[in-house]
Each structure stands twice: as C-alpha cells, then as structure tokens.
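J.: Here's a sequence, model it:
(one chain, ligands or ions: 1)
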Amino acid sequence: MKNYLSINSLIPSFNKILNVPGDKSLSIRWVLLASQAIGKSKAYNLLESDDVISAIVSMRKLGVEILKRKSCYEINGVGLSGFRHNNNVNLDAGNSGTFARLLCGALAGNITNVKVTGDSSLSKRDFSRVVKPLELFGINIKTNKNKLPITIKGSKYLRPIFYKEDKGSAQVKSSILLASLNTPGQTIVKSKISRNHTELMFKNCLKIPLKIKRSNGYEIIKVNGKTNYRGFNYNIPGDISSAAFFIALTILANKSRLKMKNINYNKSRIGIIEILKKMRAKIKISNIKNYKGEKVADISVTSSKNLIGINCPKSLNTKSIDEFLIIFLVCAKAKGISKFNGISELRQKESDRLKMAAKFLKSIGIKIDEKFDSLKIYGNPNLKIKKKVIIKNFLKDHRVFMMSCVAALTLGGNFKIYDKNSVDSSFPNFLNLLKKLGAKIDNTHTN
Ligand code: S3P
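T.: So this is what the prediction gives:
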C-alpha cells in the first residue's frame, strides 16, 4: 500500500506563532468525568483526535448524550453509576491506553457487561496493571491473558481499597480514582508521583475534597466516593506533548523562532523543558497562569547551535515519559554522550519506543548503547543525513511518526515515512502545521 509521505528537504527558517491543539490527557478526562456528572458540561478546545473520539463514541454507546455546537462540546452527564446500555456492548478504545485504562475504572459501578477492545497496538499492551487494583474493589474483569479484549462487570457492592502504585503510572492511579468515585468509603492510593490531572479535576471541577500528602517520591491520595457532582466547563489548554515536536523542530532548525501560547505547563509534564534547558536549548517560558489548578504558559523557542549531552536524572523520567523519542533526537545532535536510565516503561507504550529509538538512531548513523532499561546516545553536532531513510513497521505509533518528520526536516536525507494516519491518535493537524511553517512534505503517495 502506498501509505507513505516523502520529505526530501530541510525546513527553511521560520519565525511564527502557532496554536497547538488541546491536551489529550485533559480531553479524555473531561469526557469521562463530564459523562458521569449531574447535568450539562461544556468543553472548549477539546482535542479532536482519534483517541478522544474513541472516548466520545464509547460514552455515547453507554447512553451519554454528547453534542458539538460550533467549537464547543456539550455533555449531558448521567451521574455516577448512571450508564445505560445493552448487555455486552463493545467499546472500541482504538489506540488509546489512557482511555481504555481509565474507562475500566469508570465502569466500577456499572453492573451490565461491557467489552473493551482496541487496535492491534493497544491489544499488545498490558492491562494487569489496572485489573489488579480494580479486582480488589470487587469488579469482575475477564482478560485475554492480561490483554484486550476484556469484559468488565462492575458491582453494586464495591469496597474501598488501599493500593500502592509503583510504576509512576498516571493511568493506573487515575483508573483507581475513577473507580473510587463509585465506591462508598475512603479509597487510598499511594502512588509514585506522576501527572496529576485527575486529582486537579477532582478538586477544582468536581469539588471532591481529596487529601493528598507527599512522602519520598510518592503521593498518598485519599478520596471519599459516592459523591455525585455537577457538570463543569473546561477550556482545554494546548498539549505540551504535541508542542514538544515543534520545540525540537525549532531547536534543530536553522535560524528559526517559534512561540506557542496557552500550553499546559503542569509541573508533572514539563520534564522535556527541564532536560532541553540543561542541554542549553534556547527556551523561554512566559505568561504563566493558573487555570483550574493547572498551570498554563507561553513557550518561545529559538534555534540552538551549542547543544550539549545530558546525564538525565531518573527523577525526570515520568515527567517526560511521552517526550523521550523527540528528546533522543535532540541528543543525537548534541555534543557528548547522553545517558538515560530507568526508562523501560518506554517499552510499554504504543510501540516499544526504546527499541524504535535505538533502531532509528542507528539507521541515521548515531552510535547508541541500548539496554533493557537504559540508553546511551553518542551525539554528533555535525550530523547530516545524506541517504535514503525508510520508516515503516512502527506499529503506527504516532510519536515515532512525528519524530521521524522532525528528523527529516532538520537533519536532511530522503525520508519515506509510512502510516501517516498514525498521527491522528494525538495530533491530526500536525502535517498542516508543519506546512504552515514552510515544510515541504509530499503526501501524494497516500491512499
Ligand atoms: C497518560 C499517562 C502516561 C502517558 C500517556 C497519558 C495519562 O501513561 O504515557 O500518554 O493521560 O494519564 P502511564 O501513566 O501509563 O505512564
């Protein structure tokens, strides 16, 4: 199948302001939480990507009314344990691990069978991480050897749990928090620190009093369930994980500048900024504001010639979990060796991103040392690609696709990149925005 695009020239210098689409994590959480609120909720700048659309379509199948008026989405929530649907309804989570895993928790009080399926990438991913805690609540879950498809039957007699979450997975933590909403009594999660959007929405939108204490890299979160809450409106800020590709593009491009406004700047998501700044990338953060507990900010970037390698502190790993691929690309152009440890979670994403990164970097002539849990990148500030590079068989991982486009536009070579639709998971507008900055991309080879 001719489903590839080609990039054969570097992006010319640019100096622009760009609008980055809404944050995926926040969009999915808004859909799930607004669906279970009492009354109407509205969202502006909701991300219209396949992952979020999977969430909307699934909620509709559970009897939730979701409308779009102009650029505003409206949800008429059904309240806690209020889903109404046919027995064995099939919910297709598509490519979205976040939606699938959070959905499992949201179904805690739903006593009719639901089947959850996903695409071929999601069907390879581990669900035991959410099944284990959810079973403790009294939820009945049947899996296919800890993978999708799974069948879930919630319970009227849920019991609160104490659970220690050691992976630093916001998906696991959030799945438990969603289940706790339907459960009488106090659920306690002791969770290795990870993105805290769910907690912030609980507190600032649902007005559910959470008790949170930090100790030694963990957060102890206590929540009392069975508290119905009212609909809430949300203006979704831009997604830093999408902005990341444009940050790297600008750093690696020649004599360019870019500003992206109103980006979610949550402390638990900005590892990429901390890492790139340590590498001497020219990034400025301005106009920091608070929006419903979330920080938002403007990010300005300038091309950066004197990048240096980084020995990345492990404490930045969960804060950069979705950005490593593009960070690795910047390391390829930095002086010296970059070292990353404790990153085997990358093997659990839409593809094995550690393997993908190693394969890609080798193919463009960068020396690397890949271990199960670590990566060393021997940077080359003079790196120029002068050959044909073909990117295919990457399990349609959207972030592998976007990283490859940035490499092609900043390092040279003749790139043929397959599966362009992969980008629709998180950033359908990606190629258009690249073109707006002046990139020459030939996607006439797609059908
Ligand atoms: C997400 C959490 C992260 C991240 C994913 C989005 C979320 O996954 O990789 O893209 O919205 O909670 P883990 O929590 O499994 O690390």
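J.: Show me the helices in the stretch 1-150 of the chain, by range?
T.: According to DSSP state H, counting those that start in this stretch, the stretch 1-150 of the chain carries its helices in the segments 24-35, 50-61, 97-106, 128-137.
J.: Sorry, slip of the keys, the one I care about is the stretch 301-447 of the chain.
T.: Secondary structure of the stretch 301-447 of the chain by DSSP H, counting those that start in this stretch: the helices cover 324-332, 353-363, 398-411, 430-436.
J.: Of all these, which one is nearest residue 79?
T.: helix 398-411 (33.9 Å; CB to CB). Every C-beta, even on glycine, is put in place using the N, C-alpha and C of the backbone.
J.: mean confidence for the closest one?
T.: When pLDDT is averaged along helix 398-411, the result is 98.
J.: picking that back up, export the helices of the stretch 1-150 of the chain as CSV, with columns for mean pLDDT, mean neighbour count and distance to residue 206.
T.: As requested, those are exported to CSV (pLDDT from 0 to 100; neighbours: other CB atoms under 10 Å; distance: least, CB to CB, whole Å):
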stretch, mean pLDDT, mean neighbour count, distance to residue 206
helix 24-35, 99, 26, 7
helix 50-61, 98, 22, 17
helix 97-106, 98, 27, 13
helix 128-137, 98, 20, 19
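J.: returning to that earlier point: same list (the helices of the stretch 301-447 of the chain) but as a markdown table, adding mean neighbour count and distance to the ligand.
T.: Output for the helices of the stretch 301-447 of the chain, formatted as a markdown table (neighbours: other CB atoms under 10 Å; distance: least, CB to the nearest ligand atom, whole Å):
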| stretch | mean neighbour count | distance to the ligand |
| --- | --- | --- |
| helix 324-332 | 27 | 10 |
| helix 353-363 | 20 | 10 |
| helix 398-411 | 25 | 9 |
| helix 430-436 | 17 | 16 |
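J.: and the nearest residue to residue 274 once chain neighbours are set aside, what does it touch?
T.: Once flanking residues are discounted, residue 274 sits nearest to residue 316: 5.9 Å by CB to CB, 6 or more residues apart in numbering. Shown in contact with residue 316 (CB atoms under 8 Å, 6 or more residues apart in numbering): 271, 274-275.
J.: Over to residue 73?
T.: 42-43, 46, 56, 66-67.
J.: Kindly report the same for residue 321.
T.: By CB under 8 Å, 6+ apart, the contact set of residue 321 is 271, 345-346, 349.
J.: For the residue nearest to residue 255 when sequence neighbours are not counted, the count of nearby residues, please.
T.: Distances taken as CB to CB, 6+ apart place residue 13 nearest to residue 255, at 4.4 Å, with adjacent residues excluded. Neighbours of residue 13 under the rule other CB atoms under 10 Å: 13.
J.: All good on my end, thank you.
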